[in-house]
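Trainee: A structural model of the following input is requested.
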Amino acid sequence: MSKAGIQFAPGAAAGKQRILHAALLLFTEKGLCETSIRDIGAAAGLSNPALYKHYESKDALSRELFVFCYRWLHAALEKVVRGEFDSFAIQFAAYSSTFFERFETAPEVVIYLSDSIQHFWPDVQADVAGDTFIEQINRMLDSAIQREELSDDLDIHLTSAIIIGGIQQLSRMWYLGLLERPATDWAAPFTERILALAER
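Mentor: Alright, predicted model coming up:
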């Protein structure tokens, strides 16, 4: 999947792992529509009949890949959302750090999710955690308001949209080489700017 070697579908056959790895790279580089099942088979070193033993179609493959990627990122962030922290500032710093660490581990996953969430949601909603990354952030902001750490006139939806938009744009710029990496070096300044926005 990436240099870190994240494993898709743990326990699955090596051929299936190669298919998913190849598909992720191609979907990220060429896009979902521009990638053919033949492209994926060739990149995975498998014939079309061998590929079809694992997946009946590109749609089935891309959907399974999306669900895996979504769960992998969402689960790590959900641990932060549900964690015990002394303040919203510390929790949000942990959230952004976790996201940026995941990006560094597998940047293709983050780009694939960003590029294809509109295509797959809400069809996959029942197969994943059931909420979006924006809803995760909404819950953190709402909890901070309930604890009176943030003003109750804070527009939660606007703030979470700004956060997600900022994360997505940073991810795209890192991926394209327009900003220096590692992404984790940006966690502290990003958190600082978001906290300044939320605390106004």
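Trainee: Model confidence at the nearest residue to residue 190 once chain neighbours are set aside, what's the number?
Mentor: Counting by CB to CB, 6 or more residues apart in numbering, residue 190 lies nearest to residue 96, which is 5.4 Å off, once chain neighbours are set aside. The C-beta positions use only the backbone N, C-alpha and C, and glycine is treated the same way. In this model, residue 96 is scored at 96, pLDDT.
Trainee: and residue 96, what helix or strand is that in?
Mentor: helix 88-105 (DSSP states H and E).
Trainee: can you count the residues close to the residue nearest to residue 190?
Mentor: Each residue near residue 96 was counted by other CB atoms under 10 Å, and the total is 25.
Trainee: right, and it touches residue 192 too?
Mentor: No: look at residue 96 against residue 192 with CB atoms under 8 Å: they stay out of range, at 10.0 Å.
Trainee: In the protein, where is pLDDT below threshold?
Mentor: 1-5, 9-12, 129-130, 200 (pLDDT under 70).
Trainee: the helices in it, which residues?
Mentor: For the chain, the helices defined by DSSP state H cover 14-30, 37-44, 48-52, 58-81, 88-105, 107-120, 133-146, 156-175, 187-198.
Trainee: If you count neighbours, what's buried in the fifth one?
Mentor: The one in question is helix 88-105. Going by neighbour count (16 or more other CB atoms under 10 Å), the buried part of helix 88-105 is 88-89, 91-100, 102-105.
Trainee: returning to what we had before: reformat the helices of the chain as a markdown table; add distance to residue 8.
Mentor: Formatted as a markdown table, these follow (distance: least, CB to CB, whole Å):
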| stretch | distance to residue 8 |
| --- | --- |
| helix 14-30 | 4 |
| helix 37-44 | 12 |
| helix 48-52 | 15 |
| helix 58-81 | 6 |
| helix 88-105 | 14 |
| helix 107-120 | 10 |
| helix 133-146 | 21 |
| helix 156-175 | 20 |
| helix 187-198 | 26 |
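Trainee: Thanks a lot, see you next time.
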